[in-house]
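In: Just to be clear, the model below is a prediction. Sequence and coordinates:
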Amino acid sequence: DQLMAVIPQPPAIVQLLASDHGSVTISVDVGDGRVESYTYYDGTVKGPEPVVTDWLDCKTGMPPEALDLEQLPGLWDDAPIRAGTPEADVLQIIVGQYPCGTAWVNVPVEGAGGVQYTGNGTFVKVN
């Protein structure tokens with residue numbers, strides 16, 4: 001909620017990374033080919049920070065309907081079960097795009113590879 005309060009609305013999210021130590025970074029398309037990131041950690045939001053986009057295949061934000069942010073917390077619990085290791089730790093949630101405008105979610109589970117979902121949280125496969 002704190003991140004959503006400071007990022008440009010509607011959010012044109014390019015990528016999102018949530019780690020197991022409680023930080024969340026959202027990178028957003030702010031126009032003119034620029035991407036900025038905002039990070040939440042320990043009750044504080046930092047940003048915007050410019051993002052070097054040379055390595056990104058897709059520098060534009062996906063439409064808001066391509067990513068259901070409300071579904072992401074549930075994947076933290078779902079991924080270890082789908083990976084067959086219900087007691088294992090989730091390492092992070094990674095949201096990217098492929099193709100541009102279409103969200104995918106990868107949830108690496110300790111010792112079990114990654115579990116992939118579509119942007120709305122629908123299970124796809126275990127890597």
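Out: Thanks, I have it. Residues are numbered from 1 along each chain as shown.

In: In the protein, what residue spans correspond to strands?
Out: 13-19, 24-31, 34-41, 44-50, 92-97, 103-109, 113-118, 123-126 (DSSP state E).

In: mind checking which of these is nearest residue 64?
Out: Nearest to residue 64 among these is strand 13-19; the distance by CB to CB comes to 8.1 Å. Backbone N, C-alpha and C define where each C-beta goes, glycine included.

In: Who are the packing partners of that closest one?
Out: Packed against strand 13-19, as judged by 3 or more CB pairs under 8 Å, 6 or more residues apart in numbering; DSSP states H and E, are the following elements: strand 24-31, strand 92-97.

In: Same list, those, but as JSON lines with mean neighbour count and mean pLDDT please.
Out: Putting these into JSON lines (neighbours: other CB atoms under 10 Å; pLDDT from 0 to 100) gives the following:
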{"stretch": "strand 24-31", "mean neighbour count": "20", "mean pLDDT": "94"}
{"stretch": "strand 92-97", "mean neighbour count": "20", "mean pLDDT": "94"}
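
In: Tabulate the ones you listed (CSV), appending distance to residue 111.
Out: Rendered in CSV, the data for these read as follows (distance: least, CB to CB, whole Å):
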stretch, distance to residue 111
strand 24-31, 24
strand 92-97, 14
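
In: closest to residue 16 out of these?
Out: strand 92-97 (4.0 Å).

In: now the helix ranked longest in the chain and strand 24-31, what's the angle there?
Out: Criterion DSSP state H: the longest helix present in the chain is helix 72-82. Here helix 72-82 runs at an angle of 130 degrees relative to strand 24-31 (axes from the mean of the first three to the mean of the last three CA atoms, to 10 degrees).

In: doesn't residue 49 make contact with residue 34?
Out: No - using CB atoms under 8 Å, residue 34 is not in contact with residue 49; the gap is 11.4 Å.

In: Distance to residue 64 added to the strands of the chain, as CSV?
Out: Formatted as CSV, the strands of the chain follow (distance: least, CB to CB, whole Å):
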stretch, distance to residue 64
strand 13-19, 8
strand 24-31, 11
strand 34-41, 16
strand 44-50, 19
strand 92-97, 13
strand 103-109, 10
strand 113-118, 15
strand 123-126, 21
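
In: Residue 57: which of the ones you listed is closest?
Out: When the strands of the chain are compared by CB to CB, strand 92-97 sits nearest residue 57, at 7.7 Å.

In: Lovely, talk soon.
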